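1. could you look at this predicted model? Sequence included:
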Amino acid sequence: MEWANQLCENRQFGSKMTDSKYFTTTKKGEIFELKAELNSDKKEKKKEAVKKVIASMTVGKDVSALFPDVVNCMQTDNLELKKLVYLYLMNYAKSQPDMAIMAVNTFVKDCEDPNPLIRALAVRTMGCIRVDKITEYLCEPLRKCLKDEDPYVRKTAAVCVAKLHDINAQLVEDQGFLDTLKDLISDSNPMVVANAVAALSEIAESHPNSNLLDLNPQSINKLLTALNECTEWGQIFILDCLANYTPRDDRESQSICERVTPRLSHANSAVVLSAVKVLMKFMEMLPKDLDYYGTLLKKLAPPLVTLLSAEPELQYVALRNINLIVQKRPEILKHEMKVFFVKYNDPIYVKLEKLDIMIRLASQANIAQVLAELKEYATEVDVDFVRKAVRAIGRCAIKVEQSAERCVSTLLDLIQTKVNYVVQEAIVVIKDIFRKYPNKYESVIATLCENLDSLDEPEARAAMIWIVGEYAERIDNADELLESFLEGFHDESTQVQLQLLTAIVKLFLKKPTETQELVQQVLSLATQDSDNPDLRDRGYIYWRLLSTDPVAAKEVVLAEKPLISEETDLIEPTLLEELICHIGTLASVYHKPPSAFVEGSRGVMHKRLPARTGSGEGTESPDVGNVAGGSAPEAAPSIIPSQGDLLGDLLNLDLAPPTTTGPPPPTSGMQMGGMDLLGGGLDSLLGGDIGGSPAMGAGFGAAPAVMPASLNAPVGGGLGDLFDLGGGVGMPMGAYIPPKTVWLPAMKAKGLEISGTFARRAGVIQMELVLTNKAMSVMTDFAIQFNRNSFGLAPAGPLQVLTPLGPNQTIEVSLPLSTVGPVMKMDPLNNLQVAVKNNIDVFYFSCQYPISMLFVEDGKMERQVFLATWKDIPNDNESQFQIQDCHLNSDAASNKLQGSNIFTIAKRTVEGQDMLYMAIKLSNGIWVLAELKMQAGNPNYTISLKCRAPEVSQCVFQCYEAVLKN
């Protein structure tokens, strides 16, 4: 807070005695005594009184009643007293705007004081008082201060323009302050220049399309001149401003780089990173054959290495930024591998980041060193670190071909340790090595098979099954191994089930006579006994392939695998360019663009690196080739991307409805009812007499009676229709309205009984009341009022009871509600305290409204925004609940919930479970994100809720339960 900063500043004016005495008073009638002291004629007594007021304010006591008395103390020559009064004003002006106007004359007078400290103090305080009525009086003093002879006043006034713009942008533009601010960029004082740049940058951020910082070579020259004499924060403002400039040619780019380079040796890490950002951007325009280009690369390494000797938190930020720099220009740090070796006392988050960078920098020159380190790490005690170290060995093998043999040997040594999680990680990475180097290291398969029984993690089991299926012809007992997995088929995860299905089909195509029963068994399990549509569809596709065209089946299932990429986790090139432009900011730590995590960022400008001018080269780094950016060469092998987290893949799917190309397949070809799926079709594989054998007939003759819709559907957009909620879900039902309950019994309200409920219709919240007169007298003059509540619910109009309510009469009334009333957190959160008045008395009762009444109609969210928000909300804010005894399928549930403004963003089936990803927006702007898991045949659902205000989650869960069960 601004006043807290000033309070610290005031220490230099403080008396020699300690200030703690001001915080110890516990007298009664304290406000009255302070009032008397503030109006004392003695200056010293007055100052002591103001100090006591500030002390009370600091510890949270309400001393706003003393506003006029404190304001009277402004008329003083004592700088310390004036500062204290200004502190008080900043804190209470917003709650007492009419009283604050009393201080305006003093501000105006202080802005012309001979003492520059007082002039600056006055204009700074006026900028901090966010009261509209005062801003118009601020313009004239501010105009004078912007042109003040003292640079301290001018630099303070520059920041004040940004504050005023935040309060009233139109006023700032009309008064011409922006032009004055631009003129200050040419000021002779470097701190004035820095503050002017900071103010203009701040204003430009809220108006990204305005060309406020119209930088040209002349203004850039002035900024670079000021850069040498600024404070460290001034330097950061100027460097960030320079980073937004695009030089005209490579000569100007080199000139700027030469003048920015000395900042790399600054003691403040923020200045260093800002300088690195400018240099990384302007290097794009330098020809690589230029001598200066090589010199600059060498100069960038030492400051980055120095950042790693700071405390762990700073190290982490530096490492996240270095991770980006290494992806763009690995040559900068290619000789600095040792500084990224992990120390025993590094925190885990630093260790994992260092490990990542080690792999990125691994090359033929340093691979021996790296592998020795990684092998050492694999014997550590931290499980997460060990897992990542083992994976890193595999990544090194894939990245540096010459080291592959050594890496495989190291992995085999680690497998011999028999440490369960080490063995499992090793098997996962060996699978990738087999993919990268086919027919080279298959001799290790026997060792892997020895550890089959110890595998309990789905990824490791799936990797082992893939290896057995892929190399079935080299493993004598491959059928026995796969059969052992098949015994617990339904207990396996989807990943393992899918891999097992494919592996057994591969085995069948390689050894058809021996594995006939096995393939029948797995196809039956996948198609008839499974609820998972992915598994079922794959089973049917294999079944159809095997029964109609075995040669095609061989070509499809046993096709040559595309190579996997060297680096599977490189940031996408356009995103990397944008993140390089944000080095030294939160975006570079999150590795996300600002638009992904800054709420309400209007018209965010996406930054890009400039195109190289000096030569016709692309922007990729010399040692990276086309992995990091640019287009791949024509004959490059196709690369399979790594599987990201489920939610990321899920939300990046194309949601467009599938489009049919060409005529639908002929129906005759798809009539599979009584056809022998494998009969006769395998002659070329199994020999002519197998086709009609009784064994085959029994196993395969009768296809399942009901084929999945996917087999009869036209060939379309792959998974595109997975989330096509419009088609599958249908029109949403109406919003759920709870049944009416008695809120106020007649015996407690002199014969007036009130029951009711809440509803939301066409975006309006309604309180639906039933008033019954059980007394002997007529009731009239009804009125209603709410106490302050959690969401600001208040009547939007009077209670419309137009006729007197006679004895034994009942009337139904609908009261529209707004959400702009006063707010106070209630317990429970959805509690509402109501007062109803009539001609007899005033009656009070409490009721609880369903929070679904506050779910607004514009609660739909883009998939990418949903994903970014889900990741951004801390895991501590996630709550999980069980909804029991509910018998809806996912489409019906989604349909029902949408009626209550709970919108399904995405839908996916994972491991036999339907998963709905949902978004809710409350009337006060709070977002709630949900993941609803449901399994066919299981009446119990699991719901996970994530929200920045986790106290809302319990109420939201109750709404889910109510909507789904009614």
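-> That came through, no problem.
2. which residue lies farthest from the center of this structure?
-> Met776 (62.3 Å; C-alpha atoms, centre = their mean).
3. my guess is that residue meets Pro807, correct?
-> Yes. With contact defined as C-beta atoms under 8 Å, Met776 counts as touching Pro807 (5.5 Å). C-beta: built from backbone N, CA, C; applies to glycine.
4. what about this protein, any weak spots by pLDDT?
-> 1-29, 208-211, 565-569, 600-606, 608, 611-734 (pLDDT under 70).
5. what ranges does it have for its strands?
-> With DSSP state E as the criterion, the chain has strands at 741-744, 752-761, 764-773, 783-786, 794-795, 810-818, 831-837, 842-848, 878-883, 903-910, 913-921, 927-935, 941-947.
6. I'd like the ones you listed written out as a markdown table, with mean neighbour count and distance to Val53 added.
-> Formatted as a markdown table, the strands of the chain follow (neighbours: other C-beta atoms under 10 Å; distance: least, C-beta to C-beta, whole Å):
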| stretch | mean neighbour count | distance to Val53 |
| --- | --- | --- |
| strand 741-744 | 16 | 46 |
| strand 752-761 | 20 | 46 |
| strand 764-773 | 19 | 44 |
| strand 783-786 | 15 | 36 |
| strand 794-795 | 16 | 35 |
| strand 810-818 | 15 | 38 |
| strand 831-837 | 17 | 35 |
| strand 842-848 | 15 | 39 |
| strand 878-883 | 15 | 44 |
| strand 903-910 | 21 | 51 |
| strand 913-921 | 22 | 43 |
| strand 927-935 | 21 | 41 |
| strand 941-947 | 20 | 40 |
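7. just put these in CSV and tack on distance to Ile118.
-> Below are these laid out as CSV (distance: least, C-beta to C-beta, whole Å):
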stretch, distance to Ile118
strand 741-744, 61
strand 752-761, 57
strand 764-773, 53
strand 783-786, 49
strand 794-795, 46
strand 810-818, 47
strand 831-837, 51
strand 842-848, 55
strand 878-883, 53
strand 903-910, 57
strand 913-921, 49
strand 927-935, 47
strand 941-947, 48
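8. go through these and name the closest to Lys399.
-> strand 903-910 (31.0 Å; C-beta to C-beta).
9. now for that closest one, which elements pack on it?
-> Counting contacts by 3 or more C-beta pairs under 8 Å, 6 or more residues apart in numbering; DSSP states H and E, strand 903-910 is packed against helix 646-651, helix 725-729, helix 863-872, helix 890-898, strand 913-921.
10. ok, which of the ones you listed comes nearest Val842?
-> strand 913-921 (36.0 Å).
11. partner strands of the closest one, with direction?
-> Within its sheet, strand 913-921 is paired with strand 903-910 (antiparallel), strand 927-935 (antiparallel), according to DSSP bridges.
12. dump those strands to a markdown table, plus distance to Lys511.
-> What follows is those, written out as a markdown table (distance: least, C-beta to C-beta, whole Å):
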| stretch | distance to Lys511 |
| --- | --- |
| strand 903-910 | 32 |
| strand 927-935 | 36 |
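13. of all the ones you listed, which lies closest to Asp69?
-> Taking the strands paired with strand 913-921 one by one with C-beta to C-beta, strand 927-935 is closest: 45.2 Å.
14. quick one, that closest one and strand 878-883 angle?
-> Following axes from the mean of the first three to the mean of the last three C-alpha atoms, to 10 degrees, one obtains 40 degrees for the angle between strand 927-935 and strand 878-883.
15. what does strand 927-935 rub up against?
-> 531, 859, 861, 866, 869-870, 873, 886, 888-890, 893, 902, 912-922, 941-948, 952-953, 956, 960 (C-beta atoms under 8 Å, 6 or more residues apart in numbering).
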